[in-house]
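> Based on what follows, work out the 3D shape:
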Amino acid sequence: MEAIEKNKLFWASCLALLVTSLSFGIRAGIMSKLGADFQLTAGELGTIIATAFWGFPLAIVIGGFIVDLVGMKKLLVMAFIFHLLGIILTIFAHGYWTLFISTLLIGIANGTVEAACNPLVASLYPDNKTTKLNHFHLWFPSGIFIGTLIVLLFNYLNLNWQIQVAIMLLPTFVYGFLFSKLKFPVTERVSSGVSVGTMYKSVTSPLFIFMFVCMFGTAITELFTGQWIEMLLKNVTDNSILILSVTTGVMIIGRGVAEPVVHRFSPQGVLLLSSIFAAIGLYLLATLSGNAIFVGAFVFGLGVCYFWPTMLGFVSENIPNSGALGLNLMGGAGMFAVSIYTIFMGNFYDQLIMDYLPRESTMQMNTSEDISNLMELAKNAAGPQVIKVTMIIPIILTIAFAGLVLFMKFKNKNRVVAN
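Below is the predicted model of the structure:
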């Protein structure tokens, strides 16, 4: 019988996640160009971005229900097909609806990758889940970091955004080829003999529901800010896309050294510290300007660094009977929350710009150059305001995770006494 090659499966999973994150990084870098080329408002751009976050939870939740039945390999073949279609349609987009559909397809592909790869990593490394999930999810900020550098380089070379998107085709073909050749294990729940009924009962437990709700906030804090940073702060600094590069650079290093951090502070302790740093980072991003804003990017990167993989690791370690469904419901919850928040904040951003502009009668008295300057000033004020509103979320999470730390401490103490 063909052996399970753990390392090859893990690295192929990382490459698939790299494609997922490249789509985030490159799209964040070309947002302004898409808006200009297709004459889209911030609200329309927000809806297009949100489709990726709709496709993701749709795919990851459906994948969570069927992965035990169809197997992880078949899901990843589907992810490859959706990635290929979405990337090609984006390259040849000619308006709002083609961008909408192509982004939706990429979102479905991204969700299918996580629907298969999160339980795959947990199955490959059952004794070290949180650390290995951090190492796997290291490739999410890596892809965003690479994507932003691609945008910067190609902009410098004056190459169009279609070529930037086409770059994603190469790793897509490579991960599709690798997965087609490798043998997959069954999911951890199946191998452990946990019944379907027990799995469903686990995902309705109070602790799972608490983490499910918290996932809304951790995902919004990390992913909404990352996708919109270039749009929100492009009038505050000349290098707004570099803010994302700094943030993701910190995340790459942080997730790479996750093992001693998680063992020192525990998953729940890491989540508490993360929410505190995320709130401080958003405050600095909203209030600093010029080169000083990169200090805020560094602190924010520390904050969101461990959010996503540690949320998954906590659930997998403390609610193990939830299995692949539990992991995928968590991912779906996060992306769905981001999709709704993105639409809301896109329209909120448009409204803020209108509120910061002078009255219509005053605008009519200005030259076109003056109006352009007034518009820039309005955007300059509106972007940081959106970040300030978002800052409320990690503040709430700080309170929630402080409660989680106390709960787990009490629970573990009672477990020791019982033994």
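> contacts and neighbour counts: CA atoms only from here.
Noted.
> Give me the pLDDT value at V270.
pLDDT, V270: 94.
> And for it, nearest residue in space, chain neighbours not counted?
If the residues on either side of it in the chain are set aside, V270 comes closest to V262, at 6.6 Å by Cα to Cα, 6 or more residues apart in numbering.
> ok, how many other residues are close to that neighbour?
Residues lying near V262 (other Cα atoms under 10 Å) number 19.
> Give me the distance between it and I396.
In this view, V262 and I396 are 22 Å apart by Cα to Cα, to the nearest Å.
> how about the residue nearest to L284 when sequence neighbours are not counted, what does it touch?
In space, and not counting its chain neighbours, L284 is closest to G296: 4.6 Å by Cα to Cα, 6+ apart. Contacts for G296 (Cα atoms under 8 Å, 6 or more residues apart in numbering) come out as I280, G281, L282, Y283, L284, L285, L288.
> backbone phi and psi for F179, please?
Main-chain dihedrals, F179, degrees, to the nearest 10: phi -70, psi -30.
> Next one: the residue nearest to L284 from A378, what distance?
Distance, G296 to A378, using Cα to Cα: 22 Å.
> the helices in the stretch 201-350 of the chain, which residues?
206-219, 225-233, 240-256, 258-287, 293-304, 307-318, 323-356 (DSSP state H, counting those that start in this stretch).
> Need the winner for burial among these.
Of all those, helix 293-304 has the most neighbours on average by mean count of other Cα atoms under 10 Å, namely a mean of 26.
> now that one against helix 258-287, angle please.
If you take axes from the mean of the first three to the mean of the last three Cα atoms, to 10 degrees, helix 293-304 sits at 140 degrees to helix 258-287.
> Run the chain-centre distance for helix 293-304.
Here helix 293-304 is found 16 Å from its chain centre; the criterion is Cα atoms, centre = their mean, to the nearest Å.
> where are the low-confidence patches of the stretch 251-400 of the chain?
Within the stretch 251-400 of the chain, the stretches with pLDDT under 70 are 358-377, 380.
> got any ranges where the stretch 101-250 of the chain has weak pLDDT?
Looking at the stretch 101-250 of the chain by pLDDT under 70, you get 230-232, 234-241.
> go again using 80 as the cut-off
Regions of the stretch 101-250 of the chain meeting the criterion pLDDT under 80 cover residues 144, 148, 151, 187-194, 226-242, 244.
> what packs against the strand or helix carrying P394?
Assigned by DSSP states H and E, P394 belongs to helix 392-418. Using 3 or more Cα pairs under 8 Å, 6 or more residues apart in numbering; DSSP states H and E, the elements in contact with helix 392-418 are helix 206-219, helix 258-287.
> Centre of the chain to the helix or strand containing I60, how far?
Under the criterion of DSSP H and E, I60 resides in helix 42-70. The gap between where helix 42-70 is centred and where its chain is centred comes out at 12 Å by Cα atoms, centre = their mean.
> Grab the CA positions of stretch 276-295 and hand them over as PDB.
The C-alpha coordinates for stretch 276-295 follow below in PDB (Å, rounded to 0.1, in the frame of the first residue of the first chain):
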ATOM      1  CA  ILE A 276      -4.800  43.900  22.700                       C
ATOM      2  CA  PHE A 277      -2.100  44.400  20.100                       C
ATOM      3  CA  ALA A 278      -4.600  44.500  17.300                       C
ATOM      4  CA  ALA A 279      -6.600  47.300  19.000                       C
ATOM      5  CA  ILE A 280      -3.500  49.300  19.600                       C
ATOM      6  CA  GLY A 281      -2.300  48.800  16.100                       C
ATOM      7  CA  LEU A 282      -5.600  50.000  14.600                       C
ATOM      8  CA  TYR A 283      -5.500  53.100  16.800                       C
ATOM      9  CA  LEU A 284      -2.000  53.900  15.600                       C
ATOM     10  CA  LEU A 285      -2.900  53.300  11.900                       C
ATOM     11  CA  ALA A 286      -5.900  55.700  12.300                       C
ATOM     12  CA  THR A 287      -3.900  58.400  14.000                       C
ATOM     13  CA  LEU A 288      -0.400  58.400  12.600                       C
ATOM     14  CA  SER A 289       0.700  59.700   9.200                       C
ATOM     15  CA  GLY A 290       3.800  59.600   7.000                       C
ATOM     16  CA  ASN A 291       6.500  57.100   7.800                       C
ATOM     17  CA  ALA A 292       5.400  56.900  11.500                       C
ATOM     18  CA  ILE A 293       2.300  54.900  10.300                       C
ATOM     19  CA  PHE A 294       4.600  51.900   9.700                       C
ATOM     20  CA  VAL A 295       4.900  51.600  13.500                       C
END
